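In: got a predicted structure plus its sequence, pasted below:
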Amino acid sequence: MHILVIEDEAQLCSSIAEGLRLDGYEVDTCMDGNEGLDLCLTEPFDLVLLDLNLPGMDGLSILQQLRAENSSTPVIILSARTQIQDKVEGLDLGANDYLTKPFHFEELEARLKELIKANESADGSDKTDKSDKADGTDKTDSTGKTDSTGKTDSTDKTDSTDKSDSTGKTDSTDKSEDAGRTDKTEETESAGSGDTTDNSSDRTE
């Protein structure tokens, strides 16, 4: 992790940087407000420790311009200003935490670790949400297309087949019944004719 310390008190700036390097962080330092702003806007720092009383440009102006360009870099204000209005103003401008001087390095370590953890957790949640939305959209589209096409085709085929079968069966049945009736009628008529002829012959004799 790359951290920028913007602090005009040389001894404090040096001790903070040394302690952070012992913790395994990569640290850059500067003691001027204008230089600090340039570094913030040109280098991809993971976190900024920012004093308020700086030569060249004060810390609140740096914070305001930083947030206008890059809203994601976490910032912890380090200041001797203890008034509540100073803290509120700093937080309203976009600071993630406010630590008043003097402070113990262990307290700075704890706040820094908590801020890093919260930032990483937020990044992970955003990636997961985007991934879920993308997967859900793709699945819905493909499933919808498959289901609608498959069901429509199978239903149409089944209906047409059923209609053909039922129509065919009805036609053949009607023809069979008509043929049977015709045959029976012809047989009856022929039989009747034979009986009449026989009777006529008997009378003649």
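Out: That came in fine, so what should we check first?
In: shaky segments in the chain?
Out: 70, 125-205 (pLDDT under 70).
In: which residue ranges form the helices in it?
Out: Counting by DSSP state H, the chain has helices at residues 10-22, 33-42, 59-69, 84-92, 105-204.
In: what is the burial count for Ala95?
Out: For Ala95, the count of nearby residues is 24 (other Cβ atoms under 10 Å). (C-beta placed from N, C-alpha, C; glycine too.)
In: sorry, slip of the keys, the one I care about is Ser121.
Out: A count of nearby residues for Ser121, using other Cβ under 10 Å, gives 10.
In: that one and Leu115, how far apart?
Out: Ser121 sits 11 Å away from Leu115, taking Cβ to Cβ, to the nearest Å as the criterion.
In: any idea how far the residue nearest to Asp46 when sequence neighbours are not counted is from Ala80?
Out: Distances taken as Cβ to Cβ, 6 or more residues apart in numbering place Met1 nearest to Asp46, at 4.6 Å, with adjacent residues excluded. The gap separating Met1 from Ala80 is 26 Å, by Cβ to Cβ.
In: same deal with Tyr25?
Out: To Ala80, Tyr25 is 24 Å away according to Cβ to Cβ.
In: comparing these two, which shows the higher neighbour count?
Out: Ranked by neighbour count (other Cβ under 10 Å), Tyr25 and Ala80 place Tyr25 first, with 16 against 12.
In: quick check: that one touching Ile16?
Out: No. Contact between Tyr25 and Ile16 fails when scored by Cβ atoms under 8 Å: they sit 10.5 Å apart.
In: how about the contacts made by the closest residue to Gln65 other than its chain neighbours?
Out: Nearest non-adjacent residue to Gln65, counting by Cβ to Cβ, 6+ apart: Leu37, 6.1 Å away. By Cβ atoms under 8 Å, 6 or more residues apart in numbering, the contact set of Leu37 is 57, 61-62, 65-66.
In: and Leu4, by the same measure?
Out: Leu4 is in contact with 27-30, 36, 39-40, 43, 45, 47-49, counting by Cβ under 8 Å, 6+ apart.
In: buried subset of these, written for PyMOL?
Out: Remark: buried members of the contacts of Leu4, expressed as a PyMOL selection using 16 or more other Cβ atoms under 10 Å:
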select buried, resi 27+29+30+36+39+40+45+47+48+49
